[in-house]
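Trainee: sequence first, predicted coordinates after that:
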Amino acid sequence: MKSGFIAIVGRPNVGKSTLMNAILNKKVVITSNKPQTTRNAIQGIYHEDEVQIIFIDTPGIHKPNHKLGTYLNKSAYNSTNSVDAIILIVDINSPWGKGDDFVLDKIKNTKPIILVLNKIDKLKKEDILAKIDEYKDKYPFSEIVPVSALKKDNIKTLIEVMKKYLTDNIPYYEKNQITNQPLTFRISEIIREKAFIKTKEEVPHSLTCVVDNIEKKKNKYFIQASIIVDRESLKKIIIGKNGSMIKEIGINSRIELENLLDSKVYLELYVKVIKKWRDKEKYLQEFGFHEE
């Protein structure tokens, strides 16, 4: 038996969550094209015969401009302390920049670092090889693995590489468990993702979601949840004309929730305004952004 923990780190919006979902071959973490979609260190569990890899998908490391951002960075740093190896993921189509230096500086000289060059589906083979040579000069990475998380290209190779760094020999989770996150968290994340997707560029990351109540009666789930924003103008966008936007968010959320729960779902959504909640300790604690 080989087992161990691997953290996935990188700048915002380089594909960390998409990579973890690709490795697990199942959607465990929400994704969107907006930076800092991931706000918690989320564990996903990969199972194979005599192999168990626990992945920790971290928030994108960035220079914070509010208390929530500071929490996200701290959560990402803490997640790298007790792992066997770190995956540093970068977008192969973007030049290595100050943001990448910032992330590397925080994790170097701590654990073996596997550099993952993501989004290779957009480049020719010779360009990929040239990029690998370029990144060899950045740092003595333990491995450099090119992948396309979206297309699931070279994911099996990455898994084989990671097995070399596993240091434990006991299973930490049951074979049918793919995440350690509670059900209410997964429900709130699905709703948040649908709100991001439907509103596109109109709504920034001042939006969050909390489950207010969940009941199961026979084979049906009754769920009440609140979408939290920090100003009235965003509330109007989320609700939409005559409630059209919140209705669409609810429909799309319910479809995925029914697949997740394998049951009929009745979903009620509300929109609440809490000004500057990302800078208020009370609300950060209430919404789950706190130290373990």
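Mentor: Thanks, I have it.

Trainee: ranges for the strands of the stretch 51-200 of the chain?
Mentor: Ranges of strands in the stretch 51-200 of the chain, per DSSP state E, counting those that start in this stretch, are 51-57, 85-91, 113-118, 143-146.

Trainee: nearest to G44, out of the ones you listed?
Mentor: strand 51-57 (4.6 Å; CB to CB). (Each C-beta comes from the backbone N, C-alpha and C, glycine too.)

Trainee: contact partners for I223?
Mentor: 187, 211, 213-215, 257, 265-268 (CB atoms under 8 Å, 6 or more residues apart in numbering).

Trainee: 7 Å - rerun?
Mentor: Residues counted as contacts of I223 (CB atoms under 7 Å, 6 or more residues apart in numbering) are 187, 211, 214, 265, 267.

Trainee: quick check: mean pLDDT of the helix or strand hosting it?
Mentor: Element membership for I223, per DSSP states H and E: strand 220-229. Per-region confidence: strand 220-229 scores 94 on mean pLDDT.

Trainee: paired strands for that strand, with orientation please.
Mentor: Note on strand 220-229: by DSSP bridges, its sheet partners are strand 208-217 (antiparallel), strand 264-273 (parallel).

Trainee: and these, which one's lowest on average pLDDT?
Mentor: Among these, strand 208-217 scores lowest, with a mean of 91.

Trainee: where exactly do the helices run in the stretch 1-150 of the chain?
Mentor: Ranges of helices within the stretch 1-150 of the chain are 16-24, 67-79, 98-107, 125-136, based on DSSP state H, counting those that start in this stretch.

Trainee: which parts of the stretch 151-292 of the chain are helices?
Mentor: With DSSP H, counting those that start in this stretch as the criterion, the stretch 151-292 of the chain has helices spanning 155-163, 183-199, 232-239, 244-261, 281-286.

Trainee: what's the closest of the strands of the stretch 51-200 of the chain to E126?
Mentor: Nearest of the strands of the stretch 51-200 of the chain to E126, taken as CB to CB: strand 143-146 at 12.3 Å.

Trainee: which of the strands of the stretch 51-200 of the chain sits closest to W277?
Mentor: The nearest among the strands of the stretch 51-200 of the chain, by CB to CB, is strand 51-57 at 23.4 Å.

Trainee: run through who's touching the closest one.
Mentor: 2-8, 16-17, 20, 23, 29, 38, 41-46, 79, 83, 162-163, 166, 171-173.

Trainee: can you select the buried ones from those residues in ChimeraX?
Mentor: Only the buried members of the contacts of strand 51-57 end up in this ChimeraX selection, burial being decided by 16 or more other CB atoms under 10 Å:
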select :2,3,4,5,6,7,8,16,17,20,23,29,38,41,42,43,44,45,46,79,83,162,166,171
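
Trainee: the residue lying closest to Y266 once chain neighbours are set aside - how many residues pack around it?
Mentor: Leaving out its chain neighbours, the residue that sits closest to Y266 by CB to CB, 6 or more residues apart in numbering is F222, at 4.9 Å. Look at F222: counted by other CB atoms under 10 Å, it has 14 neighbours.
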